[in-house]
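Enquirer: my questions are about this predicted structure, shown below with the sequence.
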Amino acid sequence: MKTALTHKLITCILPKGRAQSLMRVLIREHGLTAVDVHYARGHGRLTPQQYRGIEETAEKEVLTVAVPTEQAEAIFELIYDQAEINRPHGGLMYMHPLLATTLYTLPELPEEKN
């Protein structure tokens with residue numbers, strides 16, 4: 001098993017409803033397998049003070065994806081465009097190198113019969 005691969009982790013904090021479609025694109029069209037979506041609550045820095053109570057927080061989706069370093073910039077740009085990060089309240093994203101990763105692939109299995 002190979003270790004210490006050079007990968008970067010891209011993390012996106014998005015408005016509710018945007019992460020699932022991005023996840024499908026990353027998996028189906030780009031063959032990435034280390035993709036995860038989880039959920040959070042919060043509000044933006046520009047949210048008016050009157051709406052900053054605990055009850056008034058908005059649901060967010062957090063998408064994380066580990067990407068080989070040589071593909072990281074292209075995938076970052078793809079996510080930025082498709083998630084519409086550049087729009088007001090579009091979310092935020094960042095990328096950083098991973099210290100180590102381990103390559104793991106599932107074995108090829110025969111097709112199951114019904």
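Expert: Alright, I've got the coordinates.
Enquirer: worst-scoring helix or strand of the protein, pLDDT-wise?
Expert: The helix or strand of the chain with the poorest confidence is strand 35-42; it has a mean of 89 (mean pLDDT, DSSP states H and E).
Enquirer: residue 12: what's it in contact with?
Expert: 19, 22, 62-64, 79, 83, 85, 91-93 (C-beta atoms under 8 Å, 6 or more residues apart in numbering). Quick note: C-beta positions are derived from backbone N, CA and C, even for glycine.
Enquirer: of the residues you listed, buried ones?
Expert: The neighbour-count test (16 or more other C-beta atoms under 10 Å) applied to the contacts of residue 12 identifies 19, 22, 63, 79, 83, 85, 91, 93 as buried.
Enquirer: next up, the contacts around the second one.
Expert: I take that to be residue 22. 12, 14, 63, 79, 82-83.
Enquirer: so which of the residues you listed sit within strands?
Expert: Among these, the residues falling in strands (DSSP state E) are 12, 14, 63.
Enquirer: just give me the closest of those residues to residue 112.
Expert: Nearest to residue 112 among the ones in strands among the contacts of residue 22: residue 63, at 30.4 Å, using C-beta to C-beta.
Enquirer: beta-bridge partners for that closest one, please?
Expert: residue 12, residue 37 (DSSP bridges).
Enquirer: hmm, back to that, from the buried ones among the contacts of residue 12, which land in helices?
Expert: Applying DSSP state H to these, the entries found in helices are 19, 22, 79.
Enquirer: roughly how far does residue 100 sit from residue 21?
Expert: Look at residue 100 and residue 21: by C-beta to C-beta, to the nearest Å, they are 30 Å apart.
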